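**Student:** Predicted model follows, preceded by the sequence.
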Amino acid sequence: MRKRIIAGNWKMYKTIGEAKSFVTEVKDRLPETDNVDAVICPPSLYLSELVKLTEGTPLEIGAQTMHDVDEGAFTGEVSPKMLADLNVPYVILGHSERRQYFNETDEAVNRKTLAAFSKGLTPIVCVGESLEEREAGKTVETVAGQVIKAFEGVNAEQAKEAIIAYEPIWAIGTGKTATAQDANEVCGEIRAEIGKLYDDETASAIRIQYGGSVKPGNIGELLSMEHIDGALVGGASLEPESFLEMIGVAANE
Ligand SMILES: O=C(CO)COP(=O)(O)O
């Protein structure tokens, strides 16, 4: 049985005061459970403070992006070495907003994935199709292609520890969720692709999240699906009550 992982992607929301009060409220109210990893990915400015604040609690912290080299003249960027040094365990890579607004390519996502493993960070590799690609019947081709490129040079032991987030672009922040069946089907295709790249053991170990308008009201159905091991949540992860409710569902479902 794969452990579930619910991660809140806060994107560019919250002041440091708001971030600290969320974490203070949530960290002691998480259910005692070995079934779920609970992760918050705040803006990188707050990582240091929130890692300290969550030390010794079940709430874990992740970054939303990073560069692929350890240091250099890359104004504004945060490096894998810096995240590892802060003891940040997770990093989201290749989110569709990074791909769309910051020109993040499949090649860059691959370099970042390799860099994450080299520093002991667990990557949450995001893949997903646009509405046009879905309507053209190219969902599986698109998503499988992104997976193949992201995992180039990643070995099976590393791949077993990786997390893939399937986020159909048309479902992000739109209130439109893929049906649980559709989401499960694509997550199953992703797992099959990992099976082809590696082996059955790796395919059954890797954790696959769904993301796109996940909220307390629909997370139960999504998690009941065979290939969906968790969720990457935007909007509904910003409020303590709704984040806690989703973790509660994941722990008990
Ligand atoms: O992009 C997302 C998480 O990374 C999904 O965002 P929403 O949950 O707000 O649709």
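**Tutor:** Perfect, thanks for sending it. Quick caveat: nothing in here was measured; it's all calculated off a predicted structure. Numbering: from 1, shown residues only.

**Student:** other SSEs contacting the strand or helix carrying Lys112?
**Tutor:** Per DSSP states H and E: Lys112 is located in helix 106-118. Applying 3 or more Cβ pairs under 8 Å, 6 or more residues apart in numbering; DSSP states H and E, we find helix 106-118 packed against helix 80-85, strand 90-93, strand 122-127, helix 139-150. No exception for glycine: its C-beta is placed from N, CA and C like everyone else's.

**Student:** For the stretch 1-150 of the chain, what lies in contact range of the ligand?
**Tutor:** Asn9, His95 (Cβ under 6 Å from any ligand atom).

**Student:** and what of the stretch 151-253 of the chain?
**Tutor:** The stretch 151-253 of the chain has residues Glu167, Ile172, Gly173, Gly211, Gly212, Ser213, Val214, Leu232, Val233, Gly234, Gly235, Ala236 near the ligand, with proximity defined as Cβ under 6 Å from any ligand atom.

**Student:** about what we covered before: make TSV from the helices and strands packed on helix 106-118 and add mean pLDDT and mean neighbour count to it.
**Tutor:** Formatted as TSV, these follow (pLDDT from 0 to 100; neighbours: other Cβ atoms under 10 Å):
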stretch	mean pLDDT	mean neighbour count
helix 80-85	98	20
strand 90-93	98	26
strand 122-127	98	26
helix 139-150	98	19
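
**Student:** May I see the ones you listed organised as a markdown table, with distance to Thr202 added?
**Tutor:** Formatted as a markdown table, those follow (distance: least, Cβ to Cβ, whole Å):
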| stretch | distance to Thr202 |
| --- | --- |
| helix 80-85 | 23 |
| strand 90-93 | 19 |
| strand 122-127 | 14 |
| helix 139-150 | 12 |
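
**Student:** Ok, which of these comes nearest Ala63?
**Tutor:** strand 90-93 (4.5 Å; Cβ to Cβ).

**Student:** From the contact counts, what lies against the closest one?
**Tutor:** Looks like strand 90-93 contacts strand 4-9, strand 36-41, strand 59-63, helix 106-118, strand 122-127 (3+ Cβ pairs under 8 Å, 6+ apart).

**Student:** Neighbouring strands of it in the sheet, and parallel or not?
**Tutor:** strand 59-63 (parallel), strand 122-127 (parallel) (DSSP bridges).

**Student:** picking that back up, and of the helices and strands packed on helix 106-118, who's closest to Gly62?
**Tutor:** So among the helices and strands packed on helix 106-118, strand 90-93 is nearest, using Cβ to Cβ, at 3.2 Å.

**Student:** State the mean pLDDT of the stretch of helix or strand Glu221 belongs to.
**Tutor:** Assessed by DSSP H and E, Glu221 sits inside helix 216-223. Helix 216-223 shows a mean pLDDT of 97.
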